[in-house]
Each structure stands twice: as C-alpha cells, then as structure tokens.
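Student: based on what follows, work out the 3D shape:
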Amino acid sequence: MRFLFLYSFLLSSVLYAQEKAGIDKINAILAEYKADPQLKPAIVSFCVLNAKTGEQLMENNSKLAMTPASTMKIVTTSAALGMLGGSFRYETKLTVDGTFDSLTGIITGNLIIKGSGDPTLNSEYFKRKSDTTELVEVWAKALKEKGVKKITGKIIADNTCFDNNVPGQWIWADMGNYFGAAPNGLSYNDNRIKLYFKTGAKYGDSVVLVKTIPEIPGLSFINKITTGGKDDNAYIYGAPKQDERLLTGTLPPNKSSFEVEASMPDPAWYCAYALDKALNQIGIATSKQMEVSEKPSSKENKVLFVHRSPSMDKIVFQTNLHSNNLFAESLLKTISVKKNGYGSIYAGCDLVTAFWKARGVDVEGLFMVDGSGLSRANGISTFQQATLLSKIYKDENIYASFNSSLPVAGQSGSLASLCKGTFAEKKHAR
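Tutor: Next comes the predicted model:
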C-alpha cells in the first residue's frame, strides 16, 4: 500500500512539487522506501516535471511501463473533455416503433428506450439522498402527460450504440463485484445491485441473504458466504447476462442488514422492466413484454421524450472524484461513438492514444486496454503520465474541469482516507 501511495501521489504532485523543499521531501521518502524490507522486491517509479515548461526536475525509473491501476482514468477523462467537450450531454430517447394515436392514447407497436451510452441514468452520484423518485417514474409521468394510455407491443431496450463487451483483460474475480460493472449502451442504476445480509454470532456461522435492491426477476444466488473477520470480505462471481451469482467469502458477525454491492447482469433489460413497472403503476397498460434489441434500427421512429444527461464536465468530476470504473469505460466507448458511430472499447483506446500522441505525448510503450485501469494488462510510464499532466495544465479547454475533478488527499473522494498526517494531505494538482 505504501508503494502504491508513492506512485499515485507523485503523479498528481507533478504540478506543484517544483521547489527544492519539495524535491528534498521526495528524496527523503524515496530513501525511506528503498530501505523498507517489505518493498525490497518492489519497483518505485516516479517523474516530476515543471508543469509550465515540461522540464524534468527529478525521476526514478520514469521510462518503465507499469500497471497504472486507477490512475489510467486521467488519460481517459482528460481525453473525453478534449474530444467531447465539457458541455457534451448524452440523450436517451423514448421512441415509438409503430404508431401513436394521440386521441385514443394507444401506441400500436413497441416503445423503444434508445440508449446513447449515458452511464448516469438513475445514478446515485447524481441524486440527492432525499430523492426517492426513480428515473423511470419521471419517464412514465412524461409519457402520461403526452397522452399515452396503452402500449400494445413490447418495451425494447436498445443498447446497440455500444458493443456491450467486457474489456477482454478484466478478470473473473472482478466482474461480479460493483467495481466490475461493465459499460452498457443503456446503463441504469450504476449497473449495480445492493445485497443485504444477516450474519451469525460467531466464526463460521452461515449468512442469510435478506433482500436485494432492486429485485430482479430470474436472478438467483449460490450463497457460500460465512461469518468471520471485521470487514467486508465477500466476493461475487458472475458475468454479464448471467442470471446466477456465486457469493463467497466472509462478513463480520452480528449484522442484521450488511450491505454488499454487486454488478447487474443485464442493466438494459432491467431498465425496460423498471419502466414497464412504472408505467403500470400510473395506469398505462402494457403487454408486460420486455426485450433487449440485438441490432440497431435503421428506421426514424417518432420521439416522445428525450432525457438529457448532466454535462460532461460534471460526469468527469464524479468519475475522477470517486474513481468510477463504469463511468470511465462509458466515456471511452462514447469517444468511439462520436468518432466512428459505434462504441468499441478497442477503438476508444486507439482514439485516446492518438489524441495524446497528437498533442506531443510520447506513446511508445503505452498499453491501453481499458479506460478505467481495472485491467492488469494496462501499461504506462510515469514519464508519460507526468507529460500528459503537463499538457493538461497548459490546455485551457481541459484544465479547469479536469483539475476540479481530482480528489484531495485525506479529504475527499477515493483519497479521503489516504495521506492523513503527511505532507500530501489536503493537496491535489493545481
């Protein structure tokens, strides 16, 4: 953990650790790390540049490609601001594949939820805790205000703007957990499910799955979690479209409703299901048939309602502040949609790499296989990341929004519990 702290902190320190006092502190930390017997097999890499000039002030193994983990998000999110723009918004459309008679209120045909890759639909990161209204309830109300009373066909979830593949190098142990929620052309509810458990009184006692929020028809669990330990050591195994999840590991004793988050098997289908339920609750009759589209429609369907996302600068803010993997992967595919008309993760990686190469970053040895850093196959040098940060610092179209999105050590987001009591506390790039 101490090694990871050095690596990630110095990457963000590049914009302010320019004075000799800062360099002396870095040298002192480096000496301490090199003397630590627990870090003997570790590789320490960092690079400190003058943000304005790009001049290298000091380095250690800075040209060595290493696994960046979540610091890969700085590559993706900054490119998203540069290529899509801070004011970019997703549009999710409710359309009719058929006819809508405004006099009778009958849709003869299918209601289609046309996804655009928006990862913020019903996201907890864009809702107040006091707001209990589901997004699909807002959509249902909007359709009722349009005069819709009945839908004869299916509710179809169209997520075909993305390839909807999991990055090929993600591991099995990650995909079933909340942080392994895969990007989808029609994401919903952060593509997550909350599981609530009642644990036993002593080590080895069985653990009962009390409920899930939301409840998803057809989803089943093989529960092998037992009582033990002091923390959440539960793991969920399962892949997209797989309606059975294996639950393993341990949870602390004497808990009546211990929360664990898992990835949602098919968020597009669940979005259609939730909308169908919301429509029925306000008196709009449906056939109660839901389907996920397998191929995009070439027809220009009648649009009944358009939902617009928060702006890209706000999405990037939440992505970096909370190190949100789903958001980062969705941004990567959205870049591909804008440039190629289709959301491929591989095309997204190529486009982002080309974006930074065109801006003077040496990309030789940069291995980008996802947008979030969850893959262990990513590779980037600290020199490349420091150079990229320097380019961001000098880019007036990217810097302000990007800089405000970075968590503050010891205070906010994914760094809230780190760096307390050190010279890094209360600092981020600026």
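
Student: helices of the stretch 101-250 of the chain, start to end?
Tutor: If you assign secondary structure with DSSP state H, counting those that start in this stretch, the helices in the stretch 101-250 of the chain sit at 135-145, 172-175.

Student: comparing those helices, which comes out most buried?
Tutor: Most buried of the helices of the stretch 101-250 of the chain, by mean neighbour count (mean count of other Cβ atoms under 10 Å): helix 135-145, with a mean of 18. Every residue, glycine included, has its C-beta placed from N, CA and C.

Student: so what's residue 201 up against?
Tutor: 227, 253-254 (Cβ atoms under 8 Å, 6 or more residues apart in numbering).

Student: ok, it to residue 224 distance?
Tutor: Taken as Cβ to Cβ, to the nearest Å, the spacing of residue 201 relative to residue 224 amounts to 19 Å.

Student: repeat for residue 384
Tutor: Remark: distance between residue 384 and residue 224 (Cβ to Cβ) = 42 Å.

Student: which one's more surrounded, the two?
Tutor: Set side by side, residue 384 and residue 224 give different neighbour counts by other Cβ atoms under 10 Å, the larger being at residue 384 (23 against 13).

Student: doesn't the more buried one lie inside a strand?
Tutor: No: note on residue 384: no strand contains this position according to DSSP: H, G, I helix; E, B strand; the rest coil, which reports helix.

Student: quick check, it in contact with residue 357.
Tutor: No: with contact taken as Cβ atoms under 8 Å, residue 384 and residue 357 are classed as non-touching, separated by 10.5 Å.

Student: any idea what the residue lying closest to residue 200 once chain neighbours are set aside is bridged to?
Tutor: The spatially closest residue to residue 200, leaving aside those adjacent along the chain, is residue 227, at 4.0 Å (Cβ to Cβ, 6 or more residues apart in numbering). Per DSSP bridges, the residues bridged to residue 227 are residue 251.

Student: wait, residue 227 sits on residue 253?
Tutor: Yes: the criterion here is Cβ under 8 Å, and residue 227 meets it with residue 253 at 5.0 Å.

Student: count of neighbours near the residue nearest to residue 200?
Tutor: Residue neighbour count, defined by other Cβ under 10 Å, stands at 21 for residue 227.

Student: tell me how far it lies from residue 221.
Tutor: When Cβ to Cβ is the yardstick, residue 227 and residue 221 sit 17 Å from each other.

Student: also residue 150?
Tutor: 36 Å.

Student: cool, residue 247 as well?
Tutor: For residue 247 relative to residue 221 (Cβ to Cβ), the value is 6 Å.

Student: what touches both of the two?
Tutor: With the criterion set as Cβ under 8 Å, 6+ apart, the overlap between the contacts of residue 247 and residue 221 is 195, 209.

Student: centre of the chain to stretch 166-185, how far?
Tutor: For stretch 166-185, the separation from the chain centroid amounts to 10 Å (computed by Cα atoms, centre = their mean, to the nearest Å).

Student: er, stretch 368-379 I mean
Tutor: Per Cα atoms, centre = their mean, the displacement of stretch 368-379 from the mean C-alpha position of its chain is 13 Å.

Student: and the contacts of it?
Tutor: By Cβ under 8 Å, 6+ apart, stretch 368-379 touches 65-73, 75-76, 167-171, 174, 179-180, 324-326, 328-329, 331-333, 345, 348-349, 352-353, 365-367, 380.

Student: can you list the buried residues in that stretch?
Tutor: Of the residues in stretch 368-379, those scored as buried under the neighbour-count criterion (16 or more other Cβ atoms under 10 Å) are 368-375, 378-379.

Student: do stretch 343-354 as well
Tutor: By neighbour count, and taking 16+ other Cβ under 10 Å as the criterion, the buried residues in stretch 343-354 are 343-353.

Student: now those residues as JSON lines including distance to residue 130, pLDDT and secondary structure?
Tutor: Output for those, formatted as JSON lines (distance: Cβ to Cβ, whole Å; pLDDT from 0 to 100; DSSP: H, G, I helix; E, B strand; the rest coil):
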{"residue": "343", "distance to residue 130": "34", "pLDDT": "96", "secondary structure": "strand"}
{"residue": "344", "distance to residue 130": "39", "pLDDT": "96", "secondary structure": "coil"}
{"residue": "345", "distance to residue 130": "36", "pLDDT": "95", "secondary structure": "helix"}
{"residue": "346", "distance to residue 130": "41", "pLDDT": "95", "secondary structure": "helix"}
{"residue": "347", "distance to residue 130": "40", "pLDDT": "97", "secondary structure": "helix"}
{"residue": "348", "distance to residue 130": "36", "pLDDT": "97", "secondary structure": "helix"}
{"residue": "349", "distance to residue 130": "39", "pLDDT": "97", "secondary structure": "helix"}
{"residue": "350", "distance to residue 130": "43", "pLDDT": "98", "secondary structure": "helix"}
{"residue": "351", "distance to residue 130": "40", "pLDDT": "98", "secondary structure": "helix"}
{"residue": "352", "distance to residue 130": "37", "pLDDT": "98", "secondary structure": "helix"}
{"residue": "353", "distance to residue 130": "42", "pLDDT": "98", "secondary structure": "helix"}
